[in-house]
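Undergrad: no letters, just coordinates:
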């Protein structure tokens, strides 16, 4: 059997030769060995056992040949420091969405101070936004909706495993929570236009219902904004993540459906317009 170092080097080159990320190969090795990065480095000259090596090679081929995302192979992804279960029924949490969490927590504190508030996450997917906010600030009582029963099942597992207390509702957008009211509404809905190019790794694996947002990519924002105030208290915050090139169109849409509000636009770490916050006092 090859050493850990030999197996890693050979398969990183294999990934590169097939235009794949070598860093993904290391993640797969860490997953199958159960080691941390420092432990792996300390074991570089040791021979791999056959079972571990075979499982590692199988997963490398899933990534390189079958074009399967590493997160779906390992079954998890870290988000805001929390380990979330992910599978083909939910989107893989993105690093840039962590920025939305920080802004929401800051706005909540400045707007509502230390008081307990009720928040709705629309289209929760894996539950990464809802559960993280619930964990990071226990004064936020979180409810979440999703149209996919399979996604709700994944979110409920994450909620249990991470000791969250989120209440989940199955159904389309705001429909499942009619009759209830909230202080905050947040959503990172599907926002890729139907005819926009999407790389194969994403398009061939992640659920299309969570990716595509109609002809202009704004269908779900439009539908949420049309009825948002029916589930919001008089004083509220709405927070959206959106496509970097849709800020102007979304702002115009917000002003069409909501009156006497303040809009705050935020850029992500790449300097692109990515998050919009709507405040009503």
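TA: Great, that's in hand. What you see is a predicted model; the values in this text were computed from it and never measured.
Undergrad: next, count neighbours for residue 248.
TA: Residues near residue 248, counting by other CB atoms under 10 Å, number 10. C-betas here are computed from N, CA, C, even on glycine.
Undergrad: and it, how far from residue 238?
TA: As for residue 248, its distance to residue 238 is 17 Å (criterion: CB to CB, to the nearest Å).
Undergrad: ditto for residue 188
TA: For residue 188 relative to residue 238 (CB to CB), the value is 12 Å.
Undergrad: equivalent analysis for residue 50, please.
TA: In terms of CB to CB, residue 50 sits 55 Å off from residue 238.
Undergrad: and the contacts of the top strand by length along the chain?
TA: In the chain, taking DSSP state E as the definition, the longest strand is strand 232-241. The contact list for strand 232-241, computed with CB atoms under 8 Å, 6 or more residues apart in numbering, reads 96-97, 100, 103-104, 107-108, 111, 181-189, 191, 221, 228-229, 250, 274-281.
Undergrad: quick one on the thing from earlier: out of residue 50 and residue 238, which sits in the more crowded spot?
TA: Ranked by neighbour count (other CB under 10 Å), residue 50 and residue 238 place residue 238 first, with 26 against 9.
Undergrad: what bridges to the more buried one?
TA: residue 185, residue 278 (DSSP bridges).
Undergrad: from residue 113, how far off is the spatially most central residue of the chain?
TA: Ranked by distance to the mean C-alpha position of the chain (CA atoms, centre = their mean), the top residue is residue 93 at 2.8 Å. Residue 93 sits 29 Å away from residue 113, going by CB to CB.
Undergrad: again with residue 238
TA: Taken as CB to CB, the span from residue 238 to residue 113 is 19 Å.
Undergrad: same question, residue 269
TA: Counting by CB to CB - residue 269 and residue 113 are separated by 28 Å.
Undergrad: now residue 267
TA: 26 Å.
Undergrad: more crowded one of the two?
TA: Neighbours of residue 267 and residue 113, each counted by other CB under 10 Å, are more numerous for residue 267; the result is 13 against 9.
Undergrad: now that one: closest residue in space that isn't a chain neighbour?
TA: Distance criterion CB to CB, 6 or more residues apart in numbering; nearest residue to residue 267, sequence neighbours excluded, is residue 273 at 5.7 Å.
Undergrad: okay, now that neighbour: neighbour count?
TA: 18.
Undergrad: repeat for residue 244
TA: Neighbours of residue 244 using other CB under 10 Å come to 13.
Undergrad: same question, residue 54
TA: Neighbours of residue 54 (other CB under 10 Å): 13.
Undergrad: next one: residue 28
TA: Neighbours of residue 28 using other CB under 10 Å come to 23.
Undergrad: that one should be in a strand, yeah?
TA: No: using DSSP: H, G, I helix; E, B strand; the rest coil, the assignment for residue 28 is helix, not a strand.
Undergrad: point out where the stretch 101-250 of the chain drops to low pLDDT.
TA: For the stretch 101-250 of the chain, no stretch is flagged by pLDDT under 70.
Undergrad: show me what counts as buried in stretch 139-158.
TA: Buried residues in stretch 139-158, counted by 16 or more other CB atoms under 10 Å: 140, 142-146, 148, 151-156, 158.
Undergrad: isn't residue 178 up against residue 172?
TA: No: using CB atoms under 8 Å, residue 178 is not in contact with residue 172, being 11.0 Å away.
Undergrad: helices of this protein, start to end?
TA: Using DSSP state H, the helices of the chain run over 4-17, 22-33, 37-42, 50-64, 70-74, 97-112, 128-136, 149-161, 200-203, 219-227, 247-257.
Undergrad: tell me which of these sits nearest to residue 89.
TA: Judged by CB to CB, the one of the helices of the chain that comes nearest to residue 89 is helix 149-161, at 3.7 Å.
Undergrad: what angle do the closest one and helix 128-136 make?
TA: Using axes from the mean of the first three to the mean of the last three CA atoms, to 10 degrees, the inter-axis angle of helix 149-161 relative to helix 128-136 is 20 degrees.
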